[in-house]
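Chemist: What follows is a predicted structure for the sequence shown.
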Amino acid sequence: MNTDRKVMNCKTPCSKGHVGRLLLLAACLAAVSASAQTKLFEFGFNEGTGATTTSSINGIVGTLGVDGVTNSAPAFSSDSPSGRAGDYSILFAEGNRIQASDPAAAIAFDGTNTFTFQAWVKFSGMANWRSMIFDNNGPGARFAVSIMADRTLSLTTYGFVDGTSKAKIPDDGMWHQIAVVHEDGVGIKYYVDGILGDRVDYTDGVKIGGPQTYFHVGGEVWDWPNYGDMYNGYVGKIDRMSLTKGVVGAGDLDWRPIPGVTPPAPSLSSPKPAIEISWPTFPAGYKLQSTTTVDDTNSWVDVPNSPSTVGPGTYYYYGPSSSPKKFYRLFKP
């Protein structure tokens, strides 16, 4: 059983599971709890104004732009995954960057080099063949996370590999959550909206001992350790960016757009001739979707004639058991 997918096989009776950005029905899956997790930074970008942004963990301060570099500062945006008033993101134009000072080397993995990087992104097209959203060449680790021109995720371990993946961000102009999990000596997992998009065997790890006492968001600077021209810039919005020492389990990734507001997990009943799926009528706006190919993030389609009926505070859908097996999720456009 693959515990990296929060989906439901509707050929067998299942139990309740997790709900998130895609509100996937996590049936028959045990919760994944990762051990030895320590969050190293977490940027909510909720200052809204000003020239800096500060991590809620370890107090790392990021400066919007670089002194002496014209038009290098990104801007705060009121557009965010939650859509709540007072919730902000960062909008990057070509050449914009955040430079975050890390003199105490908060980004350090104690020799294990196992980590989980997460962020929410929203963009339309890519300005470059590779668009860096995070780049670190500090003493604790040397690696970068980027989005390729075909919208797939990539992890670069400087001196080892420019890794690529098949995990693709949908081209729909919406917010999407991404995560890269590097397990030292084992491999790399790439997630989009809480779904495992690709798993790559990788045993080389990451190098340590970089000279920089800062890292960049929104691009990379090749002329390090001194300031230089920025390359591979990201154009679009970023929110809720974090780095954790250790493996964050699939069920604990930050793919819920509005914590505490999303409805509880839908429930499934599976009589022999048919299935019954139910979910709350509030919050509103969610569609029931299905697929027979859960590995293809573009294969989900709206379920016709759903919901079948509505009861007090609950939607219901009734459908036949299917072969091949079918997976269901709730999705809010």
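Modeler: Ah, there it is.
Chemist: Domains of the protein: list them as residue ranges, please.
Modeler: Per the record, the chain has its domains at 1-33+265-333, 38-248, by automatic domain parsing.
Chemist: can you tell me which of these the model trusts least?
Modeler: Looking at the domains of the chain, the lowest mean pLDDT belongs to domain 1-33+265-333 (a mean of 66).
Chemist: Can you add mean neighbour count and give the domains of the chain back as TSV?
Modeler: Every residue, glycine included, has its C-beta placed from N, CA and C. Rendered in TSV, the data for the domains of the chain read as follows (neighbours: other CB atoms under 10 Å):
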stretch	mean neighbour count
domain 1-33+265-333	16
domain 38-248	19
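Chemist: Quick one, which of the ones you listed gets closest to P257.
Modeler: Nearest to P257 among the domains of the chain is domain 38-248; the distance by CB to CB comes to 4.3 Å.
Chemist: Check the separation of the first and last residues in the closest one.
Modeler: 10 Å (CA to CA, to the nearest Å).
Chemist: Now do that domain: distance to the chain's middle.
Modeler: Relative to its parent chain, domain 38-248 has a centroid offset of 11 Å by CA atoms, centre = their mean, to the nearest Å.
Chemist: for stretch 277-287, same thing?
Modeler: On CA atoms, centre = their mean, the centre of stretch 277-287 falls 23 Å from the chain's centre.
Chemist: how long is that stretch end to end?
Modeler: First-to-last residue span, stretch 277-287, CA to CA: 12 Å.
Chemist: mind checking the longest strand of the chain?
Modeler: Secondary structure assigned by DSSP state E gives strand 236-245 as the longest strand of the chain.
Chemist: if we can go back for a sec, ok, which of the domains of the chain comes nearest D254?
Modeler: domain 38-248 (5.2 Å).
Chemist: and I178, bridged to which residues?
Modeler: A119, V192 (DSSP bridges).
Chemist: do G62 as well
Modeler: Beta-bridge partners of G62, as defined by DSSP bridges: T53, A100.
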